[in-house]
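Q: My questions concern the predicted model and sequence given below.
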Amino acid sequence: MRHERHYTIEQASAVRGWVAERVRRIRDAQARLRAQGASAAAAIAALDPLSGGSYPGREVARPLVVLNRAFGELEAVDVVVRDVDRGLIDFPAIRAHEEVYLCWLLDEEAEIAFWHEPDAGFPGRRPL
């Protein structure tokens with residue numbers, strides 16, 4: 001098994017709003033960094049964990065903290081963000097005693113209606 005936590009369809013459906021909020025925070029933080037262009041890229045490149053790093057400035061640090069926190073919160077509950085821009089989210093689940101993913105597109109699907117095997121990815125989605 002790849003994940004410690006597995007969701008039923010009811011459990012995954014119940015946390016969709018919470019997951020969506022974190023993905024939207026990630027999108028917003030990425031947009032703020034992209035808007036800064038080369039200056040943000042240079043500040044991020046200057047961060048060196050081996051030497052204690054440097055402070056990239058408030059305009060870069062804030063979105064980086066938001067990204068780190070939101071991704072960390074999702075990772076802590078074993079929710080997998082496959083594609084932030086598309087809003088492609090996977091919830092680990094068990095089907096016929098095998099680990100699978102409940103697959104959800106945040107902006108396109110009102111409900112979780114698909115699943116796929118771990119190595120099948122989005123093209124291997126099947127209706128629930």
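A: Here it is on my side, so go on. Bear in mind that the values here come from a model prediction, so they are computed numbers and not experimental data.

Q: Could I get the full set of helices for the protein?
A: 9-14, 16-36, 38-46, 58-76 (DSSP state H).

Q: With respect to R2, which of these lies nearest?
A: Closest to R2 of the helices of the chain is helix 58-76 (Cβ to Cβ; 12.7 Å). Using the backbone N, CA and C atoms, a C-beta is placed for each residue, glycine as well.

Q: which residues are in contact with that closest one?
A: Helix 58-76 is contacted from outside by 19, 22-23, 25-26, 28-30, 32-33, 36, 39-40, 43-44, 55-56, 80-81, using Cβ atoms under 8 Å, 6 or more residues apart in numbering.

Q: So how do I select the buried members of those residues in PyMOL?
A: To isolate the buried ones among these in PyMOL, judged by 16 or more other Cβ atoms under 10 Å, type:
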select buried, resi 19+22+23+25+26+29+32+33+36+40+43+56+81
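
Q: what stretches of this protein score poorly on pLDDT?
A: 44, 48-56 (pLDDT under 70).

Q: ok, what's across the strand from the spatially most central residue of it?
A: For the chain, the residue nearest the mean C-alpha position is V81 (2.9 Å; Cα atoms, centre = their mean). Under the criterion DSSP bridges, V81 forms beta bridges with I89.

Q: right, and it touches I26 too?
A: Yes. Using Cβ atoms under 8 Å, V81 is in contact with I26, at 7.4 Å.

Q: Measure how far stretch 1-16 is from the centre of its chain, please.
A: 14 Å (Cα atoms, centre = their mean, to the nearest Å).

Q: Let me see the contact set for the nearest residue to G87 once chain neighbours are set aside.
A: Nearest residue to G87, sequence neighbours excluded (Cβ to Cβ, 6 or more residues apart in numbering): L106, at 3.0 Å. Contacts of L106 were listed using Cβ under 8 Å, 6+ apart, and they are 19-20, 23, 87-89.
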